[in-house]
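1. How does the following fold in three dimensions:
(one chain, ligands or ions: 1)
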Amino acid sequence: MKVISRRQFGKSVAAAAAATYAGLSLPRLALGEPHPMRLEYPKGFLWGCATAAYQVEGGAQADGRGPSLWDVFSHTPGKTHNGETGDVADDSYHLYKDDVQLLKNLGVGTYRMSISWSRVFPTGTGQVNQKGLDYYSRVVDELLANNITPYVTMFHWDTPAGLQGGWQSRDTSKAFADYCAYVTKHLGDKVKHWMTTNEFICFTDLGYKEGQFAPGMKLGAGPVNQIRHHAILAHGLGVQAIRANAPSGTQVGLAENAIVVAPVMETDEHIEAAQKATRDVNAPFLTTLLDGKYPESYLAHEGTNAPKVEDGDMKAIGSAIDFLGVNIYVPLYARADGSAQGYAMEPMPTSFPHMASPWLQLGPECIYWGVRNVCDIWKDKVPAIFITENGTSSDDVLTPAGRVEDVDRVMYLRNHLTQLHRAVSEGYPVKGYFLWSLMDNFEWADGYSKRFGLHYVDFKTLKRTPKLSAEWYKQTIANNRVE
Ligand code: GBH
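-> Presented below is the predicted three-dimensional model:
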């Protein structure tokens, strides 16, 4: 009997295996060699970061700024985490040049920021505060000087406290249009991309129905539906005002947290179910805006609580937009169930994973379905789409060495940008992506307890430190691909 060594035996087994599986594998790549499935974004894809005035500016009383409902709310005991306020926040009011350098270092092409209405009109209407407007002029100039295109939101929840009745009053929608007209007239030569409002539900339902956001009220269905109507009306009148006062070529849209419904499985029936659900769950806001009318099912469901609509309202609300901005963080799931409405929403199991904020459940495919549903349902009503926010909170820790190893944020971003790439590669008109947020900031009712930034902010010294995710985003932008 022929005796073979253990070594020879191993070799012959390996050779037999290699023969069996030959043809089933591709040649190995050398280090640094591009792999065939690299997720390249199209040339010219716009990478950016987003913030909002009350969350980063501070300078709450600087240069004649009037109070907003969020100043009042955050100064009311028990409303925010540890009673924290946006009085100082990141003090971007004074440190904006540093912040533009942070953006420049990341290599972004654009910055989404918002204007504090009560800096420009301290009581919301009437008397203008020139110094407030000048501040935004300086910020915009600084961005442009650094080759960063400003995308500006007119309203990110900081309703001037001087407006009697806030969003309960129809006059607020009109005051908003006047404010938009004034700002566009004065900044329209420099800013070419405007968003009217940010996330309707957060300054309507959460402020006037749930009470967890400013102004902290808990009203019934009738008043709340009217408030929702005033909010979308403000958007519509705002679009008209911006168009009437801006140079031609100006792009107008909004930033809406379209509620994303993903199909449980990717089959025709479940996809159809998810689309039906998308229309319904977004009924009072996005659906009405893009259809130019309230859905029959919504009106029927609300009955005598349905909003009172005046002549011309729906025309304004349905104004054509140049782009739709969607803020996307989390998914919901639907399945086809053979019912009359055509779908059932899946309850979320308690075991569903989430990020540092308990509401921030991790389902990266939401960014793909968010884009696809909206584009498939409303087609040419959505000529271009931007992700105006996406990002996550993390329990960031600044090490003694001055590092923040936020691998969970990198994981979140990598997976969302992978899913977004799918939407882009299927031809959906996604033009850009704004990461929320440039730096840690005032996270509304959560105060400073939840950090969403690419830069860590020490809220005592206001020092900004880039996190690992900032390095990762910088590299992603430089390569124009995600990996
Ligand atoms: C966006 O809202 C905002 O536009 C931005 O200002 C904000 O900083 C960012 O996201 C991160 O939150 O406490 O369970 O009741 C996202 C939508 C709506 C999500 C309110 C959190 C409270 C959930 N947000 N919601 S809960």
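2. Could you use CA atoms for every contact and neighbour count after this?
-> OK.
3. Look at Phe200 and say how many residues are nearby.
-> By other Cα atoms under 10 Å, the residues close to Phe200 number 24.
4. ok, now how distant is it from Asn327?
-> 11 Å (Cα to Cα, to the nearest Å).
5. Overlap in contacts, these two.
-> Applying Cα atoms under 8 Å, 6 or more residues apart in numbering, one finds that Phe200 and Asn327 are jointly contacted by Glu256, Asn257.
6. can you pull the buried residues of the lengthiest helix in the chain?
-> Ranked by residue count and defined by DSSP state H, the top helix of the chain is helix 221-245. Under the neighbour-count criterion of 16 or more other Cα atoms under 10 Å, helix 221-245 has 221, 223-243, 245 buried.
7. do the strand or helix carrying Val410 and the ligand meet?
-> Assigned by DSSP states H and E, Val410 falls within helix 407-425. No - Helix 407-425 stays clear of the ligand (Cα under 6 Å from any ligand atom), getting no nearer than 13.3 Å.
8. Find the closest residue to the ligand in the stretch 251-400 of the chain.
-> Trp359 (4.8 Å; Cα to the nearest ligand atom).
9. any idea how far Phe45 is from that residue?
-> Applying Cα to Cα, the value for Trp359 to Phe45 is 30 Å.
10. ditto for Lys381
-> 21 Å.
11. more crowded one of those two?
-> Applying other Cα under 10 Å to Lys381 and Phe45 shows that Lys381 carries more neighbours, namely 18 against 15.
12. neighbouring contacts of the helix holding Val410?
-> Helix 407-425 is contacted by residues 39-41, 362, 364-365, 367-368, 371-372, 391-394, 430, 468-469, 472, 482-483 when judged by Cα under 8 Å, 6+ apart.
13. let's see 6 Å
-> Residues outside helix 407-425 that contact it (Cα atoms under 6 Å, 6 or more residues apart in numbering): Pro364, Glu365, Ile367, Tyr368, Val430, Ser469.
14. now for those, which pair is the farthest apart?
-> With Cα to Cα as the measure, no two of these lie farther apart than Val430 and Ser469, at 22.6 Å.
15. Measure how buried the residue in the stretch 1-150 of the chain that the ligand sits nearest to is and give me the count.
-> Distances between the stretch 1-150 of the chain and the ligand by Cα to the nearest ligand atom are smallest at Ala52, namely 6.3 Å. Counted with other Cα under 10 Å, residues neighbouring Ala52 total 24.
16. residues in contact with it?
-> When contacts are counted by Cα under 6 Å, 6+ apart, Ala52 touches Met113, Ser114.
17. do you know how far it is from Tyr294?
-> Separation of Ala52 from Tyr294 (Cα to Cα): 29 Å.
18. so where do the strands sit in the stretch 51-200 of the chain?
-> Applying DSSP state E, counting those that start in this stretch to the stretch 51-200 of the chain gives strands spanning 110-114, 149-155, 193-198.
19. export these to JSON lines and tack on mean neighbour count, distance to Gln168 and mean pLDDT?
-> Converted to JSON lines, the strands of the stretch 51-200 of the chain look like this (neighbours: other Cα atoms under 10 Å; distance: least, Cα to Cα, whole Å; pLDDT from 0 to 100):
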{"stretch": "strand 110-114", "mean neighbour count": "25", "distance to Gln168": "23", "mean pLDDT": "99"}
{"stretch": "strand 149-155", "mean neighbour count": "24", "distance to Gln168": "16", "mean pLDDT": "99"}
{"stretch": "strand 193-198", "mean neighbour count": "25", "distance to Gln168": "16", "mean pLDDT": "99"}
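20. Can I get these in CSV including distance to Gly132?
-> CSV is the format used below for these (distance: least, Cα to Cα, whole Å):
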stretch, distance to Gly132
strand 110-114, 13
strand 149-155, 14
strand 193-198, 18
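21. low-scoring pLDDT stretches of the protein, where are they?
-> Applying pLDDT under 70 to the chain flags the ranges 1-10.
22. So which residues on this structure come close to the ligand?
-> Residues of the chain lying close to the ligand by Cα under 6 Å from any ligand atom are Cys202, Trp359, Glu443.
23. Now for those, which sits with the most neighbours around it?
-> Neighbour-wise, those (other Cα under 10 Å) top out at Glu443, 22 neighbours.
24. what kind of secondary structure is the residue of the stretch 251-400 of the chain closest to the ligand in?
-> At Trp359 the chain is in coil, as set by DSSP: H, G, I helix; E, B strand; the rest coil.
25. what do you get for the one 4 residues further on?
-> For Gly363, the secondary structure call by three-state DSSP comes out as coil.
26. Which parts of the stretch 251-400 of the chain are strands?
-> 251-256, 260-263, 323-327, 331-335, 344-345, 385-389.
27. Direction included, what does the first one pair up with?
-> Strand partners for strand 251-256, identified by DSSP bridges, are recorded as strand 193-198 (parallel), strand 323-327 (parallel).
28. tell me how far the last one is from the chain's mean position?
-> Here the centre of mass of C-alpha atoms in strand 323-327, compared against the chain's by Cα atoms, centre = their mean, to the nearest Å, lies 8 Å away.
29. residues in contact with it?
-> By Cα under 6 Å, 6+ apart, the residues outside strand 323-327 that reach it are Gly253, Leu254, Ala255, Glu256, Asn257, Ala384, Ile385, Phe386, Ile387, Thr388, Glu389.
30. any chance of these in a markdown table, plus neighbour count?
-> Output for the contacts of strand 323-327, formatted as a markdown table (neighbours: other Cα atoms under 10 Å):
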| residue | neighbour count |
| --- | --- |
| Gly253 | 25 |
| Leu254 | 27 |
| Ala255 | 24 |
| Glu256 | 23 |
| Asn257 | 24 |
| Ala384 | 19 |
| Ile385 | 21 |
| Phe386 | 21 |
| Ile387 | 25 |
| Thr388 | 26 |
| Glu389 | 24 |
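31. out of the contacts of helix 407-425, who has the most neighbours?
-> Counting neighbours by other Cα under 10 Å, Ile367 leads the contacts of helix 407-425 with 28 neighbours.
32. Enumerate every residue touching that one.
-> Shown in contact with Ile367 (Cα under 6 Å, 6+ apart): Leu420.
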